[in-house]
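[1] Here is my input, please return the structure:
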Amino acid sequence: MRAIHTMGQIVLQSATGMQLGSRWNIEPFRLNADYQQKPSCFEIIFIHDNIRYQYGFSLDQERVYEEWLIAYPKGRPQTWFERNYRSEEQEYDWYFGRGLKGEKERIKGFVRPNSLFLSHAAQNNHPQLGKIFIWFSSKLKLIPARFQNLSNFTALKFDRYTNYSDNFLKLIKGDHIDISNGIQRLFEIGGYWIDALDNGEILIIDELDRSLNSDISTYLIKEFNDKAANQNNAQLIVTTHDTTFLDREIFNQDQVWLMQKDSNNSTKLYSLLDFKIREDESLQKGYLKGRYGAMPFVSGLDSYDTYKTTKN
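    The predicted model follows:
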């Protein structure tokens with residue numbers, strides 16, 4: 001989650017928030033000494049206006065080493081631009097594909113060693129790349145595990161838009177949640193919740209089980225899965241340690257991704273679809289029995305590799 005937040009902040013601040021010689025607050029992978037001097041790589045794949053995009057870059061505190069954008073406007077990949085730093089020559093190689101229209105060379109002249117071409121293109125009103133920048137600025141909303149003062153956002157929405165109060169009352173109406181147990185938290189997050197559903201945004205909540213109680217969390221998830229409530233294709237991404245969410249009435253199997261530490265202390269992310277699971281099998285019981293990996297192990301016990309035999 002921090003990586004998604006960091007990537008978004010770099011995109012948004014690159015052109016206007018950084019000066020020549022400014023340093024990015026990038027933390028290298030701490031658990032492996034070999035990575036201390038290597039650039040950090042960020043890549044995200046998303047769909048915006050019915051077009052799939054694959055955008056990424058690698059950088060350290062002082063320099064962007066690579067930047068690329070691949071678009072799939074007709075289902076086939078098109079490299080719109082690519083940028084690579086050659087350390088020996090201390091210069092960049094640039095490539096612009098035919099799918100990328102509009103000004104390119106003039107904008108390239110604004111790009112600093114520590115800034116992104118995408119950000120400068122957006123600042124110069126590039127029609128195609130500006131849409132991608134807007135996706136980062138307007139569609140991607142992240143709520144950290146220790147969120148504070150979010151109630152101000154909700155209160156402001158209630159003050160400006162009357163439909164917010166109506167929608168919020170619908171959230172707490174009836175038997176969906178226990179009013180006495182978590183209503184304050186629901187109010188804190190309610191504005192972001194309703195905003196995401198109304199505008200088709202991506203709402204990311206880190207450690208959902210710490211942020212909200214189980215009744216509210218379950219209702220929140222089901223609202224995003226309900227086509228009647230979620231008519232604008234909003235997306236919810238959460239992390240949690242609560243195994244009670246491994247329930248087919250809450251999540252489909254294809255919606256569950258697990259994380260497992262590798263032998264080099266990096267984290268592997270894999271889908272629950274990688275496993276053959278009977279339709280009548282309890283996902284929670286299967287997980288607690290170690291069938292899907294992603295269990296907290298101590299040194300000397302079997303690792304994730306032991307569970308690969310249960311795949312396929």
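
[2] Near residue 48, how many other residues are there?
    15 (other C-beta atoms under 10 Å). Yep, even glycine has a C-beta here, placed from its N, CA and C like the rest.

[3] Any idea what it is bridged to?
    For residue 48, the beta-bridge assignment (DSSP bridges) gives partners residue 51.

[4] Look up how far residue 270 lies from it.
    26 Å (C-beta to C-beta, to the nearest Å).

[5] if you go through the stretch 101-250 of the chain in chain order, where are the helices?
    105-108, 117-123, 129-134, 151-160, 162-171, 183-199, 208-211, 214-225 (DSSP state H, counting those that start in this stretch).

[6] ok, and for stretch 22-36, which residues are buried?
    Buried residues in stretch 22-36, counted by 16 or more other C-beta atoms under 10 Å: residue 24.

[7] likewise stretch 283-300?
    283, 286-287, 291-295.

[8] Now pLDDT too, for those, in JSON lines please.
    Formatted as JSON lines, those follow (pLDDT from 0 to 100):
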{"residue": "283", "pLDDT": "93"}
{"residue": "286", "pLDDT": "93"}
{"residue": "287", "pLDDT": "92"}
{"residue": "291", "pLDDT": "91"}
{"residue": "292", "pLDDT": "91"}
{"residue": "293", "pLDDT": "86"}
{"residue": "294", "pLDDT": "76"}
{"residue": "295", "pLDDT": "72"}
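
[9] Tell me the one among those residues nearest to residue 43.
    Of all the buried residues of stretch 283-300, residue 294 has the smallest distance to residue 43: 22.3 Å, by C-beta to C-beta.

[10] Relative to residue 227, how far out is the closest one?
    To residue 227, residue 294 is 30 Å away according to C-beta to C-beta.

[11] In contact with the closest residue in space to residue 66 that isn't next to it in sequence: list those residues for me.
    Distances taken as C-beta to C-beta, 6 or more residues apart in numbering place residue 58 nearest to residue 66, at 4.5 Å, with adjacent residues excluded. Residues in contact with residue 58 (C-beta atoms under 8 Å, 6 or more residues apart in numbering) are 39-42, 64-66.
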